[in-house]
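>>> Any chance you could fold what I've pasted below:
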Amino acid sequence: MDLMPSPTLTVGFDLDMTLIDSRPGIKAVYEALAAETGVYIDTDLVVSRLGPPLAEEMSHWFPADAIAAAADRFRAIYPDRAIVPTTAMPGAREAVEAVQALGGQAMVVTAKYEPNAKLHLTHLGIPADTVIGGLWAEGKAEALLEHGARIYVGDHTGDVRGARAAGALSVGVTTGPCDEEELRAAGADVILPDLTAFPAWLRSFTAV
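This is a model prediction of the structure:
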């Protein structure tokens, strides 16, 4: 698959553990939620497996009829607890800017609640052109196809599945819960250790 630098080049990025290290913030939110509800939550376990939708994680700790309310409360607590402790992953801003330097569009497609995703990007100064939340795994293909994304970058096998469902090139980074072997087994086309390697890779790839 050859890509040429053009205004129509669109690259999608996952958010948690791809562009941002949200583990400290998410841990703080779950700790607050546990204190409010009296429900035990292993917050270290939670942040070791970020990626899937919030309701899926909540199902490990709350009964089915309490998940929706717990998720709503989580999202409400989130802005005050999770934004400041979260940091940009190494190379995150540079990766997004590398797409834009080629005249392209950098979009973020994440399972995270979209308003909170936007808060993170604004706070950290990561200049994404488009942000779409609430999509996971193959569901991400909906946004990738709508915006014509031909590359999708993520740290989870669910991100690989989303890229493949959209017919996009899957670039995996080993900064999240899935290692190189897992990402390759899921079908990732390219594996990078982190986003610091992305700008050079993108420039060489689009020059082909």
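
>>> Point me to the helix or strand that includes residue 73.
helix 67-82 (DSSP states H and E).

>>> name the helices or strands packed onto that helix?
Here helix 67-82 touches helix 23-37, helix 54-58, helix 114-124, going by 3 or more CB pairs under 8 Å, 6 or more residues apart in numbering; DSSP states H and E. Where you see a C-beta, it was placed from the backbone N, CA and C, and this is true even at glycine.

>>> neighbours around residue 35, how many?
10 (other CB atoms under 10 Å).

>>> Check residue 138 too.
Residue 138, neighbours per other CB under 10 Å, totals 14.

>>> can I assume it sits in a strand?
No - per DSSP: H, G, I helix; E, B strand; the rest coil, residue 138 lies outside any strand segment and is helix.

>>> Who are the contact partners of it?
If a contact means CB atoms under 8 Å, 6 or more residues apart in numbering, then residue 138 has 161, 162, 165 as its contacts.

>>> which residue sits closest to it, ignoring its sequence neighbours?
Leaving aside its sequence neighbours, residue 138 sits nearest to residue 165 (CB to CB, 6 or more residues apart in numbering; 4.3 Å).

>>> Please, where are all the helices along this structure?
Listed in chain order, the helices of the chain (DSSP state H) span 23-37, 43-47, 54-58, 67-82, 92-101, 114-124, 140-146, 157-165, 180-186, 198-206.

>>> average model confidence for the first one?
Throughout helix 23-37, pLDDT has a mean value of 98.
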